[in-house]
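Colleague: Model the structure of this input:
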Amino acid sequence: MTAPDTATRTRPHPLDAGVDVERAEAAIVEHYPRLVRLAYLVLPPSLGRNRRVLTAHSLTQRALPRGREGAGATHGLVPFQRGAQDADPGSDAGYAYVRLRVLRAALEAGLPLTFRALPHRAQLPPALPQVWGLRLFPRSGGAEELALDQWLATLDGPARAACVLRALERLSEVDVLCVLAEAGVVDPQAALTAAGGPENDALFGSAEFDPCVLQARPTDLLRRRRWVRGSLAAGAALLVCGALLGLPGGGWGSDGAAAPSYARNAAAEQALDPAEVTRAAATAWRTSDRADFAGWPARGGRVDDKELLRRALAVWARPGASVMVSATPGTPSGPPMGPPQLLFAGAVDQAVVVLMYDGLRVVRYAEPVSGTSGAALDFARTDGASAETATALVLSRVDGNVRYLTAPWVTGASVRDLLKPAEAPAVLRLTPEGITAPVPGPAPAGSCTSWNALALDTAAGPRLVTDLGELTPARLTSGAPGAAKDVTQTAELSEWSRIACLLPSVRSHGVRTVNSWPYARQPLPEGNGTAAWLCTRAETWRGTADRVQAQFLAPGAQVAAQAAKAEGSPACGPREPRVLAGVLWKSQGGHWYVLAAGTAQFTSLSVTGGATGTATGTRLAVKAPEGAQVELSGKLTDGTKAGVLR
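Modeller: Predicted coordinates for the structure are as follows:
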């Protein structure tokens, strides 16, 4: 669950500047995209992407002051923006004024509604703008933008505001503190500290966070057609029937954060009836022909809570606008085709979690311990799972820690830092239900001081998995294609310690396994030792878009260098185990060389362009000028020619 937004004010705010309404309007019109992006990033992600877009536009448009002019304090306390890439509004008092109004409204929108006080206008759904028949959301970015969005969701409103003011508005720390204080933040210094460093500031300018460049998708077309054809009387009758469903003895009861349902379908209702949810026997995994999630028994303290299961199934079928929905790439997020299997239901940390499995996907529903606002729904594709890949599922992520539910065939667990292969793993306590103690998650993007993996003991041998930001941790293996095995040996752990910091490049891509294979070793020119060439392949659950990297590991290097990469390629896999890659390398004597290495399928290698040369066998070393641009190729055992990995 994400951290609550807290921007509580303890003192009245002075009006910010003596700016007339015409000047404020000009500032809004001129810098409208920047102001809307600021509001969108500060608003709590729990609102959902469609509502965040509309709310950001509404707050920006409402930043226009009432009356002919804004009266109040001088402008000296409000710092201007510095160093923007587009037209610099730094000398515009009107821009600084409306920016503060937008920031203040976005912080107020993140405050929780209570019965003890009237809501702020910003806390209510926007009256304008409204878009009927469409759901709007910004363009999707890459893995780095997704990781940044997930990290921002863990921050409260003031911390997000500090990030945005520093990254988007280019304000200094002193100016950020000043603007936060003017916006009513109780502890600006704490917000700035929580905002972290500027490593990912450039990503704030991505199209992922631009609510002015939008994609549109239709809402439920059949529901709209029924709604248009129905009369007001029929609509009122449907609403009354919906209310009656929540009464004892009539219907299923409360659906929590689910969207309204206007249609009844016998097959769909059976799939969403908590009484029809299936459960595997406690010992089914011992005799089952399928050693995957189908053999997991139902565990947790609330497996018999029909109201909880009803809410989870209803939200799965029709998530409401307030539900945060995520799915690994290639995973359908529609309702179940039949009654799903229950894997877990119980309280975990500050949330209540339900895990279900429908043969194709594992679905995680989470809601606060009290209430249903802020519910989350996560989908992960798991078809083709085996005993090796169905070893654990993520139950919760809180404060950078991950708690797992392990498979019933797991007998022990420990945590291993991949960057410290010589250290013994730290033993983890498992509850009788198979829940681990909190495990520190891998290092965030841009930082690689450690990388924790979960070592699991099973009757078939140890397994090593790591969290890549999804419901299913990825299995780590080592060995040639078709003969990969779990990482257990000292040499294998040592190799993984050099490439673990490259794992963020495959985060949030639906990865099932990551295999690392040292396919060649090469004596370096001038007696500079022996280098290793590795091929790392990340295979996805959907069987496509697999990511392949060729890496060069120089003697004494702590981290391998990426030499080549490809997506959707069969290279370095069982279907096509060959790979060829090269690097430009500088010797200790200051000379530059083109180094290349291929797998055993190559009989000779050649380089052309800025340097030329040919070598018999699978390795090549040719002197080259600094910065040379070259082309590598090789001849295979069948006489055909093949190029480098790309």
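
Colleague: Heading C-terminal from the biggest helix by length in the chain, find the next helix or strand.
Modeller: Using DSSP state H, we find that the single longest helix of the chain is helix 93-109. For helix 93-109, the following helix or strand on the C-terminal side (DSSP states H and E) is strand 134-138.

Colleague: who does that next one touch, helix- and strand-wise?
Modeller: In terms of contacts (3 or more C-beta pairs under 8 Å, 6 or more residues apart in numbering; DSSP states H and E), strand 134-138 is packed against helix 49-61, strand 214-218. (Glycine included, C-beta is placed from N, CA and C.)

Colleague: out of those, deepest packed?
Modeller: Each of the helices and strands packed on strand 134-138 was scored by mean neighbour count; the highest is helix 49-61, a mean of 22, by mean count of other C-beta atoms under 10 Å.

Colleague: For the closest residue in space to Thr544 that isn't next to it in sequence, list the residues it contacts.
Modeller: Spatial nearest neighbour of Thr544, chain neighbours left out: Gly568 (6.2 Å); criterion: C-beta to C-beta, 6 or more residues apart in numbering. By C-beta atoms under 8 Å, 6 or more residues apart in numbering, the contact list for Gly568 reads Thr544, Ala545, Asp546.

Colleague: Tell me the one of those residues nearest Pro65?
Modeller: Closest to Pro65 out of the contacts of Gly568 is Ala545 (50.0 Å), distances taken as C-beta to C-beta.

Colleague: Which of the three states applies to the closest one?
Modeller: Assigned with DSSP: H, G, I helix; E, B strand; the rest coil, Ala545 falls in the coil class.

Colleague: Am I right that it is in contact with Glu567?
Modeller: Yes: when contacts are counted by C-beta atoms under 8 Å, Ala545 is listed as touching Glu567 (5.9 Å).

Colleague: need the helices for the protein, in chain order.
Modeller: Along the chain, the stretches classed as helices by DSSP H are 21-30, 32-42, 49-61, 93-109, 143-153, 157-167, 173-182, 188-194, 221-229, 232-244, 266-271, 284-287, 306-317, 490-499.

Colleague: what's the closest of those helices to Thr436?
Modeller: Ranking the helices of the chain by their distance to Thr436 (criterion: C-beta to C-beta) puts helix 284-287 first, at 18.4 Å.

Colleague: Distance from the chain centre to that closest one, please.
Modeller: A distance of 34 Å separates the centroid of the chain from that of helix 284-287, by C-alpha atoms, centre = their mean, to the nearest Å.

Colleague: gap between stretch 558-578 and the chain center?
Modeller: On the basis of C-alpha atoms, centre = their mean, stretch 558-578 is displaced by 24 Å from the centre of the chain it belongs to.

Colleague: hang on, the earlier thing: gap between the residue nearest to Thr544 and Ser505?
Modeller: For Gly568, the distance to Ser505 under the criterion C-beta to C-beta, to the nearest Å works out to 15 Å.

Colleague: now Glu492
Modeller: 21 Å.

Colleague: Name the residue in those two with the higher neighbour count.
Modeller: Just comparing Glu492 and Ser505: by other C-beta atoms under 10 Å the higher neighbour count belongs to Glu492, 20 against 17.

Colleague: Might one say that that one is in contact with Ala484?
Modeller: No: the pair Glu492 and Ala484 fails to qualify as a contact (C-beta under 8 Å) at a distance of 10.6 Å.

Colleague: what sits in contact with each of those two?
Modeller: Overlap of the contact sets of Glu492 and Ala484 (by C-beta under 8 Å, 6+ apart) consists of Ser478.

Colleague: Quick check: beta-bridge partners of the closest residue to Arg547 other than its chain neighbours?
Modeller: Here the nearest residue to Arg547 in space, its sequence neighbours aside, is Ala538; by C-beta to C-beta, 6+ apart that works out to 4.5 Å. For Ala538, the beta-bridge partners are Val514, Arg547 (DSSP bridges).

Colleague: do the same with Gly613
Modeller: Under the criterion DSSP bridges, Gly613 forms beta bridges with Val607.

Colleague: per-residue confidence at the residue lying closest to Ala532 once chain neighbours are set aside?
Modeller: If the residues on either side of it in the chain are set aside, Ala532 comes closest to Leu553, at 4.3 Å by C-beta to C-beta, 6+ apart. What the model reports as pLDDT for Leu553 is 94.

Colleague: do the same with Leu464
Modeller: Confidence per residue is given as pLDDT, and for Leu464 that number is 96.

Colleague: my guess is it contacts Arg475, does it?
Modeller: Yes: between Leu464 and Arg475 a contact is recorded at 7.2 Å, counting by C-beta under 8 Å.

Colleague: which residues are common contacts for those two?
Modeller: Taking C-beta under 8 Å, 6+ apart as the contact definition, Leu464 and Arg475 share the neighbouring residues Asp486.

Colleague: Just to check, the residue nearest to Ala532 is in contact with Trp533?
Modeller: Yes: when contacts are counted by C-beta under 8 Å, Leu553 is listed as touching Trp533 (7.5 Å).

Colleague: Which one of these two is surrounded by more residues?
Modeller: In terms of neighbours (other C-beta under 10 Å), Trp533 is the more surrounded of Leu553 and Trp533; the figures are 28 against 21.

Colleague: Report the contact partners of Ala385.
Modeller: Residues in contact with Ala385, defined by C-beta under 8 Å, 6+ apart, are Asp292, Phe293.

Colleague: Pull out the buried residues from stretch 335-351.
Modeller: Residues 335-336, 339-346, 348-349, 351 are the ones in stretch 335-351 that count as buried (16 or more other C-beta atoms under 10 Å).

Colleague: just how off-centre is it within its chain?
Modeller: The mean C-alpha position of stretch 335-351 is separated from the chain mean by 21 Å, C-alpha atoms, centre = their mean.

Colleague: Now do that stretch: distance from first to last residue.
Modeller: Using C-alpha to C-alpha, to the nearest Å, one end of stretch 335-351 lies 23 Å from the other.

Colleague: Please shift the residue numbers so they start at 16 in all later answers.
Modeller: With the count now opening at 16, the last piece we talked about shows up as stretch 350-366.

Colleague: pLDDT-wise, which helix or strand of the protein ranks last?
Modeller: helix 247-259 (a mean of 55; mean pLDDT, DSSP states H and E).

Colleague: end to end, how far does stretch 471-478 reach?
Modeller: One end of stretch 471-478 to the other measures 5 Å (C-alpha to C-alpha).

Colleague: Go through that stretch and flag the buried ones.
Modeller: By neighbour count on 16+ other C-beta under 10 Å, the buried set for stretch 471-478 is Leu471, Asp472, Thr473, Arg478.

Colleague: again with stretch 623-641
Modeller: If you call a residue buried by 16+ other C-beta under 10 Å, then stretch 623-641 has these buried ones: Ala626, Gly628, Thr633, Arg634, Leu635, Ala636, Val637, Ala639.

Colleague: so the last one sits right up against Val645, yeah?
Modeller: Yes: under the criterion of C-beta under 8 Å, Ala639 lies in contact with Val645, with a separation of 6.8 Å.

Colleague: Any chance you could list residues touching both of the two?
Modeller: Leu599, Val609, Gly625, Ala626.

Colleague: any idea how far Ser621 is from the residue nearest to the last one when sequence neighbours are not counted?
Modeller: It refers to Ala626. Leaving aside its sequence neighbours, Ala626 sits nearest to Ala639 (C-beta to C-beta, 6+ apart; 3.5 Å). As for Ala639, its distance to Ser621 is 13 Å (criterion: C-beta to C-beta).

Colleague: Run through the residues that contact the nearest residue to Asp107 once chain neighbours are set aside.
Modeller: Leaving out its chain neighbours, the residue that sits closest to Asp107 by C-beta to C-beta, 6+ apart is Ala42, at 5.8 Å. Applying C-beta under 8 Å, 6+ apart, one finds that Ala42 lies in contact with Pro104, Asp107, Gly109, Tyr110, Tyr112, Val113.

Colleague: Highest neighbour count among those?
Modeller: Per-residue neighbour counts (other C-beta under 10 Å) across these peak at Val113, which has 29 neighbours.

Colleague: what's near enough to touch that one?
Modeller: Counting by C-beta under 8 Å, 6+ apart, Val113 has contacts Ala39, Ala42, Ile43, Leu50, Thr75, Ala78, Leu79.
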